[in-house]
Structure formats: C-alpha cells, structure tokens
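*Asks:* Here is my input, please return the structure:
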Amino acid sequence: MTADAPVISGSSVVKLARGVRLREDPVRGQMVLLAPERAMALDEIAVRIVQALDGERSLDRIAAGFAAEFDAPVAEIASDVKAFVQELAIRRMLEIVE
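*Replies:* Predicted coordinates:
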C-alpha cells in the first residue's frame, strides 16, 4: 500500500472517480475500467464489484448481498471486496463518499 492511498474499511462508501468508466473492450472481448491515461482489465467478479459501487452502500452491505446471492461466507467475500477496492483506491479510480 502506498502512503497516499486512502484506507478502505467495511464501512467505506465509494463510487468510481470522475472520469472513470466501465466499458466493454470489443477487441479483447472483456470489460475494462477506463480512466485518463490508464485502463484496467476486469474479470466477471471484478465487474460485479464495480457495478455495486453505487456511492450509497457500504462495502459491508455490498459483501453481505454477494454472500447471500452466492451462498458464500460473508467474511471471505468482504475481505475480497475490500482488497479489490483498495487496489482501485491505490490507482486513484475511486471517490470515497463516506
């Protein structure tokens, strides 16, 4: 983690930063996050997480929803969601709402 990256917790409410967009890359046949002068290829799970970052729900609520949907342990899903979101924060692709 870099010194200037925000700390992400389960109570964090985040959304994509201004100028960051989720788009399909028809050449590669996959979804990507596009930001000024950078891009990040996403797998299906990452796409679902990005789509859930609505700026209204906490990461804990998002993880609980995924855990119920996929009948998986909420602690494991919460850990994965926070790790992915922390990576987006490091890349400055997020805005922290709360």
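*Asks:* List the contacts of Asp54.
*Replies:* Lys15 (CB atoms under 8 Å, 6 or more residues apart in numbering). For glycine as for every other residue, the C-beta is placed from the backbone atoms N, C-alpha and C.
*Asks:* One more: the one 10 residues further on?
*Replies:* Contact criterion CB under 8 Å, 6+ apart gives Val74, Ala78 as the residues in contact with Ala64.
*Asks:* ok, it to Ala75 distance?
*Replies:* 10 Å (CB to CB, to the nearest Å).
*Asks:* which residues in this protein form helices?
*Replies:* 44-52, 59-70, 74-90 (DSSP state H).
*Asks:* Format those helices as TSV; extra columns: distance to Gly29.
*Replies:* Output for the helices of the chain, formatted as TSV (distance: least, CB to CB, whole Å):
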stretch	distance to Gly29
helix 44-52	12
helix 59-70	24
helix 74-90	21
